[in-house]
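Visitor: next come a sequence and a model predicted from it.
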Amino acid sequence: MFQGRYGVTGWRRQIRMEAYTKLLDASHDFDSLLFNILHKTDGSDFAKRQRELEECYSRLQSVGTLVAIAGPKEIDIALAYLLNNANSVVKDVRNRDILLSIVHDLEQGKSYGNWRAWLVGAQGFTDTARRILRTE
């Protein structure tokens with residue numbers, strides 16, 4: 001009986017680790033693309049950049065479903081915070097005028113609050129995943 005329980009626990013940990021790793025990979029891709037959009041966009045490639053970020057966000061959401069299923073419930077809050085912040089960023093990028101304003105502000109040394117919130121959410125997810133997996 002003990003061996004069976006240990007096997008299920010190990011299997012569950014492996015499933016969670018795979019789901020969390022996929023989400024972290026998707027988060028990294030999202031953040032890298034966002035960085036490039038915010039620092040290398042002149043407005044001429046707006047539609048292409050917008051489409052790329054939408055695709056990346058869609059992947060992030062899909063992987064988020066895997067994370068939610070893998071559980072436990074403790075990860076749900078960190079996941080929701082991460083996805084809500086990503087959604088806020090995507091909404092800003094969808095609007096050309098807002099995006100160009102953000103890019104201009106960054107060039108002037110101002111910060112972009114939704115990006116900072118996204119980074120905090122990504123770090124929060126990572127910290128929660130480490131706690132759950134006991135990899136701290």
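Guide: Received, thanks.

Visitor: by mean pLDDT, which helix or strand of this structure comes out lowest?
Guide: helix 2-40 (a mean of 86; mean pLDDT, DSSP states H and E).

Visitor: outside of whatever helix or strand comes next after that one itself, list whatever touches it.
Guide: Remark: after helix 2-40, the chain's next helix or strand is helix 46-70, criterion DSSP states H and E. The contact list for helix 46-70 (Cβ atoms under 8 Å, 6 or more residues apart in numbering) reads 15-16, 18-20, 22-23, 25-27, 29-30, 33-34, 36-37, 41, 75-76, 79, 82-83, 86-87, 89-90, 93-94, 96, 99. (C-beta placed from N, C-alpha, C; glycine too.)

Visitor: now do stretch 80-96
Guide: 23, 27, 30, 34, 37, 43, 46, 49-50, 53-54, 57, 60-61, 64, 98-99, 102, 114-115, 117-118, 120-122, 124-125.

Visitor: quick one: buried ones out of the contacts of helix 46-70?
Guide: For the contacts of helix 46-70, a neighbour count by 16 or more other Cβ atoms under 10 Å gives the buried set as 16, 19-20, 22-23, 26-27, 30, 33-34, 37, 41, 75, 79, 82-83, 86, 89-90, 93, 99.

Visitor: measure Tyr112 to Ser101 for me?
Guide: 10 Å (Cβ to Cβ, to the nearest Å).

Visitor: so between these two, which is more surrounded?
Guide: Tyr112 (17 against 13; other Cβ atoms under 10 Å).
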